[in-house]
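Chemist: All I have is the shape, not the residue letters:
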């Protein structure tokens, strides 16, 4: 197309020049041709100059216009510029989406150059690693993370395994370098505090279960060997069998409580379409407290209500009953155990308050851990498995309730189950 148009333009100049040469002479013909070629050259030079100015300072959508052959050239350039702008816009959108996605990651991401200088990081990395906004862009990562473990890891060539560092007392991080591109590196940071805590709890749980079951098993095996190897009188055999039955019953209680906890852990939130009348529930708890106390304590029941709780009656009875039985077991004879129910705009609160031995402050945060006991020997003497408060906490959590504990050594304890207002319903009137 360009060659054809160029030939047509030259032909358009040659024809009048030849005609002029035939009429007025060859000199005039060559003169007309020279003037035409000069005009054509100026026309091309003018368009070329406009194109050069735009290329020196390109502005989107401002590609110069032209005529003739230049119209086709500049139109093609305009289309190229428009397509390039669309591709750049698409790439910018993709990059923005990628950055938003990386910003939303729960793990920290830091982009480093070949000299370990920070090029970019997301908000999670800023929070975990203590960066200070744009002020730390361009800083060497070793100047900001000075833990010896990380410095050694950064300088080594083996980055397949993450390195663990502590950032303060409450945060443990796992860091790993991943090379990408020509010389860049990506530093991934992950908060492993909760995972490590869970792992410690799992190890403690396994050790505690083994210990709790080993003690009664040791007693059972010892009595069995004694009964088998020695000739005992019938009364001694009955005594030994009675003690063996106690230890077997203890193991059965531990296993039952473990199964209950397992069921609570894997169960969804408690249903909210089953109504439980609060007054009969409180009366049953009071009767159970009196039976367990056997007249050794003063049992008080406070609070009148016609409300109902939305949930599972068996689970709530077990949870609140554990609070009551704990108060009876750890209150000396002659003490007072008070069961109360209070309602307000924010919900309701069931409280078990005793005048027992109380609990030291450092033990309170761990009371709901499985098998955690303040006094192991006393717990075994009173028949506890060390799982009651853990069961109570899980069962209450399934009913959107919170277990609160207050205690003072020598003055007693207060255990409260706080239910939100959405778990309460007014009992319908009977006509």
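Modeler: Structure received. These figures come from a predicted structure and were not determined experimentally.

Chemist: Can you spell out which helices and strands pack onto the helix or strand encompassing residue 76?
Modeler: Per DSSP states H and E: residue 76 is located in helix 69-103. Helix 69-103 sits against helix 2-24, helix 26-56, with contacts defined as 3 or more Cβ pairs under 8 Å, 6 or more residues apart in numbering; DSSP states H and E. C-betas here are computed from N, CA, C, even on glycine.

Chemist: out of the ones you listed, which comes closest to residue 108?
Modeler: Between residue 108 and the helices and strands packed on helix 69-103, the shortest gap by Cβ to Cβ is with helix 26-56, which sits at 43.5 Å.

Chemist: pLDDT score for residue 122?
Modeler: Each residue has a pLDDT score; the one for residue 122 is 87.

Chemist: Use 541 as the first number from now on
Modeler: Understood, numbering begins at 541; the last thing we discussed is residue 662.

Chemist: thinking again about what came up before, what's the angle from the helix holding residue 616 to helix 542-564?
Modeler: 160 degrees (axes from the mean of the first three to the mean of the last three Cα atoms, to 10 degrees).

Chemist: Buried residues of helix 609-643, list them for me.
Modeler: 609, 610, 614, 617, 621, 642 (16 or more other Cβ atoms under 10 Å).

Chemist: which residues in the stretch 741-890 of the chain form strands?
Modeler: With DSSP state E, counting those that start in this stretch as the criterion, the stretch 741-890 of the chain has strands at 815-817, 838-842, 847-850, 876-884, 887-894.

Chemist: contacts for the second one?
Modeler: So that's strand 838-842. 822-823, 826, 829-830, 833, 874-881 (Cβ atoms under 8 Å, 6 or more residues apart in numbering).

Chemist: for the most centrally placed residue in the chain, what are its contacts?
Modeler: The residue lying closest to the centre of the chain (Cα atoms, centre = their mean) is residue 646, at 6.9 Å. Applying Cβ under 8 Å, 6+ apart to residue 646 gives the contacts 664, 731.

Chemist: Which strand or helix spans it?
Modeler: According to DSSP H and E, residue 646 maps onto no helix or strand at all.

Chemist: Find me the pLDDT at it, would you?
Modeler: Model confidence at residue 646, given as pLDDT, is 82.

Chemist: low-scoring pLDDT stretches of the stretch 591-740 of the chain, where are they?
Modeler: Residues of the stretch 591-740 of the chain meeting the criterion pLDDT under 70: 611.

Chemist: rewinding a little: now distance to residue 954 too, for the buried residues of helix 609-643, in CSV please.
Modeler: Shown next, in CSV, are the buried residues of helix 609-643 (distance: Cβ to Cβ, whole Å):
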residue, distance to residue 954
609, 95
610, 92
614, 86
617, 82
621, 76
642, 48
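
Chemist: quick one on the thing from earlier: figure out which of the helices and strands packed on helix 609-643 is closest to residue 728.
Modeler: Nearest of these (Cβ to Cβ): helix 566-596, 43.3 Å.

Chemist: by contact count, what packs against that closest one?
Modeler: helix 542-564, helix 609-643.

Chemist: Can you check which of those helices gets nearest to residue 732?
Modeler: helix 609-643 (19.9 Å).

Chemist: tilt between that closest one and helix 566-596?
Modeler: Following the same axes, to 10 degrees, one obtains 10 degrees for the angle between helix 609-643 and helix 566-596.

Chemist: Give the next helix or strand downstream of helix 609-643.
Modeler: Downstream of helix 609-643, the next assigned helix or strand under DSSP H and E is strand 648-652.

Chemist: Adjacent strands (with direction) for the helix or strand that comes right after that next one?
Modeler: Under the assignment DSSP H and E, the closest C-terminal helix or strand after strand 648-652 is strand 658-661. According to DSSP bridges, strand 658-661 forms sheet pairs with strand 648-652 (antiparallel).

Chemist: can you give me the offset of the strand it pairs with from its chain's centre?
Modeler: Chain-centre distance of strand 648-652: 19 Å, with Cα atoms, centre = their mean, to the nearest Å.

Chemist: For it, give me every contacting residue.
Modeler: By Cβ under 8 Å, 6+ apart, strand 648-652 touches 642, 658-662, 664-669, 681, 717, 724-730.

Chemist: Distance check, residue 827 against residue 590.
Modeler: 101 Å (Cβ to Cβ, to the nearest Å).

Chemist: In terms of neighbours, single out the busier of these two.
Modeler: Using other Cβ atoms under 10 Å, the more surrounded residue of residue 827 and residue 590 is residue 590, with 16 against 12.

Chemist: who touches the nearest residue to that one once chain neighbours are set aside in this structure?
Modeler: Nearest non-adjacent residue to residue 590, counting by Cβ to Cβ, 6 or more residues apart in numbering: residue 604, 4.3 Å away. By Cβ under 8 Å, 6+ apart, the contact list for residue 604 reads 587, 590, 591, 593, 594, 614.

Chemist: Could you pull out the helices in the stretch 791-940 of the chain for me?
Modeler: Secondary structure of the stretch 791-940 of the chain (DSSP state H, counting those that start in this stretch): helices at 818-833, 853-869, 916-921, 928-938.

Chemist: Please produce JSON lines containing the ones you listed, extended by distance to residue 764.
Modeler: Below are the helices of the stretch 791-940 of the chain laid out as JSON lines (distance: least, Cβ to Cβ, whole Å):
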{"stretch": "helix 818-833", "distance to residue 764": "32"}
{"stretch": "helix 853-869", "distance to residue 764": "30"}
{"stretch": "helix 916-921", "distance to residue 764": "21"}
{"stretch": "helix 928-938", "distance to residue 764": "30"}
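
Chemist: Quick one: closest of the ones you listed to residue 600.
Modeler: Of those, the one closest to residue 600 (Cβ to Cβ) turns out to be helix 928-938, at 58.7 Å.

Chemist: hang on, the earlier thing: of the contacts of strand 838-842, just the buried ones, PyMOL syntax please.
Modeler: Of the contacts of strand 838-842, the buried ones go into a single PyMOL selection, burial set by 16+ other Cβ under 10 Å:
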select buried, resi 822+826+829+833+875+877+878+879+880+881
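
Chemist: between the contacts of strand 838-842, which is closest to residue 551?
Modeler: In terms of Cβ to Cβ, no member of these lies closer to residue 551 than residue 881, at 108.4 Å.

Chemist: Dig out what that closest one forms beta bridges with.
Modeler: residue 890.

Chemist: quick check, distance from the helix or strand containing residue 955 to the centre of its chain.
Modeler: Assigned by DSSP H and E, residue 955 belongs to strand 952-960. How far strand 952-960 lies from its chain's middle: 28 Å, per Cα atoms, centre = their mean.

Chemist: Can you list the strands that it pairs with?
Modeler: Partners of strand 952-960 in its sheet, by DSSP bridges: strand 887-894 (antiparallel), strand 942-948 (antiparallel).
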